[in-house]
Each structure stands twice: as structure tokens, then as C-alpha cells.
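Student: Need coordinates for the below:
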Amino acid sequence: MRKGFTREPRRDEPGTQVKNYITPGGLQRLKEEHRFLLTKDRPAVTEVVTWSAGNGDRSENADYQYAKRRLRQIDSRIRFLSKRMETAEVIDPEAPRSGQRSTHAFFGATVRYANAAGAERIVCIVGTDEVDLDRGHISWQSPLGRALMKSTSGDSVVLQAPGGKESLEVLDVFYERIAVEPFREPVESPAGQHAASTAKGNSLL
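Tutor: Numbers count the residues shown, from 1 in each chain. Okay, the predicted model is just below:
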């Protein structure tokens, strides 16, 4: 690609299987959430299901119905995370690069660009499971990610925005560690709150 060349993002061919790219930090966050659901959240909700099942007619038992619904949600999330981890292709932004791989924007790149008004912004191109707009982490499959892909300093790219096309100037492309927000366990899950209130109530009997 030559400087000053304006390029529109390439479209995927019909039927193309999308790669599941992810950074090391993004994969670690998926693993942490998966571990939490399996070892803490699911056992806690299962306990609530067992407890509430013994409290009369299940069809009219709000605690039982809620816990069962929550359990299905947890199991669905566990299956989703398992699949994402199985198909993940980890790309480390800090890995040694040479040639165009070190100067052009690919997965894991940090890109500084400016819009037509001259406003600058810095974004990191990451996987779909680690998008964080507050940190400027955009998916490589997003309109902006596609527009920036394979660009280098001095290029003009075309962003297919909802409101129309927008021209952006790429100012810098570099690779460094991308700090992904780690998974944080809920302060207290609904199941934990219910278990705590139940235990407190039983202690008063």
C-alpha cells in the first residue's frame, strides 16, 4: 500500500468462516469467567434449586423458578465460553514482527488516526470477545477495524459508517501490550444473596 492511497475495506467472501482471534489477556479473561461459573456460581445456584425444590409446589415456587432459569443461563454461558476457548487463535501483540507485519495494522495493532476534522483517536484492534470501547478496544470485524486493517502511517482509509462514508488519516501504527480488563467476580451473585438470607433466617429459628 502506498502513502496517500485511499482504500476501502475488503469484504468477506460469502461462506467464509470467521477466525476467532484473541489476545492472551482476552483468553485469560474468558478462562477466569469460565472457572468462576463452574466452581462458584453454578454450585451456588444448584444449592438454591435443591433448597427451593423442597418448599411446596414447584409450579408456584418463585424461588425455584428463578433459580432454574438462572441455572439454564449459566449453563448456556458455560457452553458458549467453552466453544470460544476451543476455537481461539491467540495472537500476542508483543510477539516479534518484521516487515509489513511491524508497520501495518493487523490484529493486535494499536492505531492512531485522525478524522476529517482533525480530531485524533487511538484504538487497539482486538477480538470480538474483548471489545471495550471505554479503553478504545475495537473488534477487528467492526467497520472501523476493517477500515484500518492493513493500513500504515500516511494512508487514508474509508470508514463505512452508519451515516455514510468517512475518510480517516492513519497517523501511526505500532504494537505493544494490550491491557484487557480482567474478569471480576460479582460482589455477591443473586444466588449468594439468597443463600445468605436463607442461612440468616434459619439461624433465627
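Student: Show me the shaky parts of the protein.
Tutor: For the chain, applying pLDDT under 70 flags the ranges 1-16, 55-61, 188-205.
Student: By residue count, which helix of it is the longest?
Tutor: The longest helix of the chain (DSSP state H) is helix 62-87.
Student: Which elements pack onto it?
Tutor: helix 24-36, helix 42-53, helix 190-203 (3 or more CB pairs under 8 Å, 6 or more residues apart in numbering; DSSP states H and E). Just so you know, the C-beta spots here come from the backbone N, C-alpha and C atoms, and that holds for glycine as well.
Student: starting at the chain centroid, how far to the next helix or strand after that helix?
Tutor: Using DSSP states H and E, the helix or strand that follows helix 62-87 in sequence is strand 89-90. Averaging C-alpha positions (CA atoms, centre = their mean, to the nearest Å) puts strand 89-90 14 Å from its chain's average.
Student: Which strands border strand 89-90, and is each parallel or antiparallel?
Tutor: Here strand 89-90 is paired, per DSSP bridges, with strand 21-22 (parallel).
Student: Need the contact partners of the strand it pairs with.
Tutor: Identification of contacts with strand 21-22 by CB atoms under 8 Å, 6 or more residues apart in numbering yields 30, 84, 88-91, 107, 126-127, 129-130, 140.
Student: buried stuff in the longest helix of the chain?
Tutor: Neighbour-count burial for helix 62-87, counted by 16 or more other CB atoms under 10 Å, picks out 63-64, 66-68, 70-71, 74, 78, 81, 84.
Student: That one to helix 24-36, inter-axis angle?
Tutor: 140 degrees (axes from the mean of the first three to the mean of the last three CA atoms, to 10 degrees).
Student: quick one, longest strand in this structure?
Tutor: Longest strand in the chain by number of residues, with DSSP state E as the criterion: strand 164-174.
Student: so what does that one touch, helix or strand wise?
Tutor: Using 3+ CB pairs under 8 Å, 6+ apart, strand 164-174 is in contact with strand 110-114, helix 143-148, strand 156-161.
Student: do that again at 7 Å, thanks
Tutor: In terms of contacts (3 or more CB pairs under 7 Å, 6 or more residues apart in numbering; DSSP states H and E), strand 164-174 is packed against strand 110-114, strand 156-161.
Student: Pick the most buried one from these.
Tutor: strand 110-114 (a mean of 20; mean count of other CB atoms under 10 Å).
Student: Quick check: what element follows it along the chain?
Tutor: Downstream of strand 110-114 (by DSSP H and E), the next one is strand 120-126.
Student: Neighbouring strands - and their directions - for that following strand?
Tutor: strand 110-114 (antiparallel), strand 137-139 (parallel).
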